[in-house]
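Undergrad: Dropping a prediction and its sequence here:
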Amino acid sequence: MTPLAEHIYYWESIYSEAESVDYFNRLASFTSLKQGLIHMFGKQLKTPRFESFHCIHPIPYRYSGQELPASPFIEPLFEIMKRVEELTGHTYNSVLINLYRNGMDSNGWHADNEKELGKNPVIASVSFGAERTFKLKSITGDKAHTIKLGNGSLMLMGGNTQHEYKHCIPKEPKVIEPRINLTFRTIFEQQ
Ligand SMILES: O=C(O)CCC(=O)C(=O)O
C-alpha cells in the first residue's frame with residue numbers, strides 16, 4: 001500500500017491478472033448496468049458510462065438529480081467487499097458500479113458528498129480492466145493529483161477528501177478497452 005496524499009491510499013494489485021479478468025467478466029454480465037439520466041445545464045443527459053447501484057438494505061442512491069434504485073447485493077460483490085474491508089479496516093454496505101465501454105466514456109468532476117454518505121465518507125475504489133486516469137483537484141485550486149488506476153487495484157479515499165477535493169475520470173480517446181470500477185461506500189438511510 002502506498003500513501004498518495006493525505007487520506008488517500010493505493011494498493012497496486014489486490015488481485016492477480018486471472019482473478020481480475022474473472023471478476024471483470026462476472027460483473028460485466030450484470031443486467032442492472034444501465035446508462036443513467038442526469039440533470040445538467042437544464043437538460044436531461046445520458047451518463048457517458050453504464051451504472052448499477054447495489055446495497056445490502058433497500059436504500060436508493062441519489063446524485064446529480066437522479067435516483068438509482070438499490071439492486072440486490074449479490075456475488076461476487078460480497079467476496080470483493082470482504083477483501084476490501086480486510087485491507088482498508090473499514091466496513092461498507094453498498095457499492096456503485098461504473099462500466100466504461102472505452103476511453104470515450106468518462107465521469108465528470110464531482111465529489112461523493114451526498115448527505116446519505118455521512119459526514120466524512122470513506123470510499124474504497126476497486127478497478128478491473130483498462131487502466132484509466134483518475135484526477136483530483138482541491139476546491140481551493142491549490143492542490144491536484146493524478147493517479148493511474150490499474151487492473152486489480154484498490155484506492156481508498158477517507159478523511160475530508162470529499163469536502164476538500166473533486167474528482168473525475170477524463171475521456172482518454174486512446175483507451176480502447178473497457179473498464180469496470182466499484183466504489184464501496186456506507187450509505188445511511190435519511191429520515
Ligand atoms: O471510475 C472511477 O474510478 C471513479 C468513479 C467515481 O468517481 C464514483 O463512483 O463516484
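TA: Received it, and whenever you're ready, just let me know what you need.
Undergrad: In three-state terms, how would residue 83 be classified?
TA: Residue 83 carries the three-state label helix when classified by DSSP: H, G, I helix; E, B strand; the rest coil.
Undergrad: which one is it nearest to, not counting chain neighbours?
TA: Nearest residue to residue 83, sequence neighbours excluded (CB to CB, 6 or more residues apart in numbering): residue 14, at 6.2 Å. Using the backbone N, CA and C atoms, a C-beta is placed for each residue, glycine as well.
Undergrad: residues of the strand or helix carrying residue 146 that come out buried?
TA: Assignment of secondary structure by DSSP states H and E places residue 146 within strand 144-149. Of the residues in strand 144-149, those buried by neighbour count under the rule 16 or more other CB atoms under 10 Å are 147, 149.
Undergrad: Give me the contact list for it.
TA: Surrounding strand 144-149, the residues in contact under the criterion CB atoms under 8 Å, 6 or more residues apart in numbering are 4-5, 8, 10, 125, 127, 131-138, 155, 181.
Undergrad: just checking, the residue nearest to residue 83 touches residue 152?
TA: Yes - with contact defined as CB atoms under 8 Å, residue 14 reaches residue 152; the gap is 6.1 Å.
Undergrad: which of these two has more neighbours?
TA: For residue 14 versus residue 152, neighbours defined as other CB atoms under 10 Å are more numerous around residue 152 (21 against 17).
Undergrad: for that one, phi and psi?
TA: Per-residue torsions, residue 152: phi 80, psi 20 (degrees, to the nearest 10).
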